[in-house]
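In: Starting from these lines, generate the structure:
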Amino acid sequence: HPVSLGVAAGLIVGKPLGIVAFSWLAVRLGFARLPNGTAWTHIIAAGFLGGIGFTMAIFVANLAFPEVVNPDLLAASKVGVIAGTLLSAVIGAGLLAWSIKSK
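Out: As a prediction, the model looks like this:
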């Protein structure tokens, strides 16, 4: 369903993109610096782990698609949250494992 895909894409693409982009911008502008021993791979992995926004995503889905109005859209958004959360967790954990091994 398009709603499921949109919600999942927000968690899998949007969250990491926002976290990495604003982290890069903060470092680039001198507001922050990467801690010793931290690589950009770690920041990217943390961005994916930020996609594990289960509770807030379900809350927003309940606000966006009230069950009284259209229960199918609410169900589709919850499927997207679950799928996006699981994929974000797997990708983030995989990146962290890979970045630790490659050191």
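In: how far out from the middle of the chain is the helix-or-strand element of the chain with minimal mean pLDDT?
Out: Ranked by mean pLDDT, DSSP states H and E, the weakest helix or strand in the chain is helix 54-64, scoring a mean of 86. Its chain's C-alpha centre and that of helix 54-64 lie 14 Å apart, by C-alpha atoms, centre = their mean, to the nearest Å.
In: Number the residues from 785 up from this point.
Out: All set: I'll call the first residue 785, so the last point we hit is now helix 838-848.
In: roughly how far apart are the spatially most central residue of the chain and residue 871?
Out: For the chain, the residue nearest the mean C-alpha position is residue 835 (2.0 Å; C-alpha atoms, centre = their mean). Taking C-beta to C-beta, to the nearest Å as the measure, residue 835 falls 8 Å from residue 871. Just so you know, the C-beta spots here come from the backbone N, C-alpha and C atoms, and that holds for glycine as well.
In: CA-only coordinates of stretch 822-837 in CSV, if you can.
Out: The C-alpha trace of stretch 822-837 is given here as CSV (Å, rounded to 0.1, in the frame of the first residue of the first chain):
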residue,chain,number,x,y,z
THR,A,822,34.3,8.1,15.5
ALA,A,823,34.0,7.8,11.7
TRP,A,824,31.2,8.9,9.4
THR,A,825,30.2,5.3,9.0
HIS,A,826,29.3,5.4,12.7
ILE,A,827,27.1,8.5,12.2
ILE,A,828,25.4,6.9,9.2
ALA,A,829,24.7,3.8,11.3
ALA,A,830,23.4,5.9,14.1
GLY,A,831,21.1,7.7,11.6
PHE,A,832,19.6,4.3,10.6
LEU,A,833,19.2,3.4,14.2
GLY,A,834,17.3,6.7,14.6
GLY,A,835,14.7,5.1,12.3
ILE,A,836,13.6,2.9,15.1
GLY,A,837,11.0,5.5,16.0
